[in-house]
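>>> model the following, please.
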Amino acid sequence: MNAVPDDSLQLVAPVTTRHLDSLMALFAQTWWARDREYRRVERTLSTAPVTVGLADQDGQLVAFARAVTDHEFKALVLDVVVDSGRRNEGLGQHVVQALLDHPALSQVDDIELYCEPGLVGYYKRLGFDEPDRTRFLRRTRP
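Below you'll find the predicted structure:
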């Protein structure tokens, strides 16, 4: 695992409900998670197999990512988010790499994620690629 990119930050793994308020503040900055309910995020944190974050000196998260996995064949990276005031410092890359280096994912064959088209190049630099024959589909709960 590479050193934390800012000496004032600390790697947090796992992220626990102790960080729930600052995680909710990070989610509020996103289009995909801004409307998540506190209790549901709390439940997600308590059941997620892998969570990592970067916390400042006050213990507030400035970056976060999580993964769900079967520990063998598949893992899905989710909720990669960096505080808007701290972007372009390498913090997102750091939390994604911390996930990839996590022992729970060490034997996983395929680690996947989905992202906006503008972030494809970013994730390709981290070793991800677009599979030729796979398409993303979604079924949303009514």
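
>>> going by C-alpha atoms from here, please, whenever you check contacts or count neighbours.
Noted.

>>> tell me which residues touch the residue nearest to residue 38 when sequence neighbours are not counted, please.
Leaving aside its sequence neighbours, residue 38 sits nearest to residue 24 (CA to CA, 6 or more residues apart in numbering; 7.2 Å). Neighbour list for residue 24: 34, 38, 41 [criterion: CA atoms under 8 Å, 6 or more residues apart in numbering].

>>> what of residue 90?
Neighbouring residues of residue 90 by CA under 8 Å, 6+ apart: residue 5.

>>> where exactly do the strands run in the chain?
All strands of the chain, identified by DSSP state E, fall at 10-12, 50-55, 61-69, 74-82, 110-112.

>>> quick check: neighbours of the third one in the sheet, parallel or antiparallel?
This points to strand 61-69. strand 50-55 (antiparallel), strand 74-82 (antiparallel) (DSSP bridges).

>>> I figured residue 45 hits residue 17, correct?
Yes: Residue 45 is within contact range of residue 17, at 6.5 Å (criterion: CA atoms under 8 Å).

>>> picking that back up, so which of the strands of the chain comes closest to residue 28?
Residue 28 lies closest to strand 74-82 among these, at 10.3 Å (CA to CA).

>>> neighbouring contacts of that closest one?
By CA under 8 Å, 6+ apart, strand 74-82 touches 26-27, 30, 62-69, 91-92, 95-96, 105, 108-114.

>>> how many residues are close by the closest residue to residue 26 other than its chain neighbours?
The shortest distance from residue 26 to any residue other than its chain neighbours is 5.9 Å, reached at residue 83 (CA to CA, 6+ apart). Counted with other CA atoms under 10 Å, residues neighbouring residue 83 total 20.

>>> check contacts around residue 83.
Contacts of residue 83 by CA under 8 Å, 6+ apart are 26, 29, 62, 63.

>>> list the residues that contact the first one.
It stands for residue 26. Residue 26 neighbours (CA under 8 Å, 6+ apart): 61, 62, 63, 81, 82, 83.

>>> what's the span of stretch 4-16, first residue to last?
Length of stretch 4-16, first residue to last, CA to CA, to the nearest Å: 19 Å.
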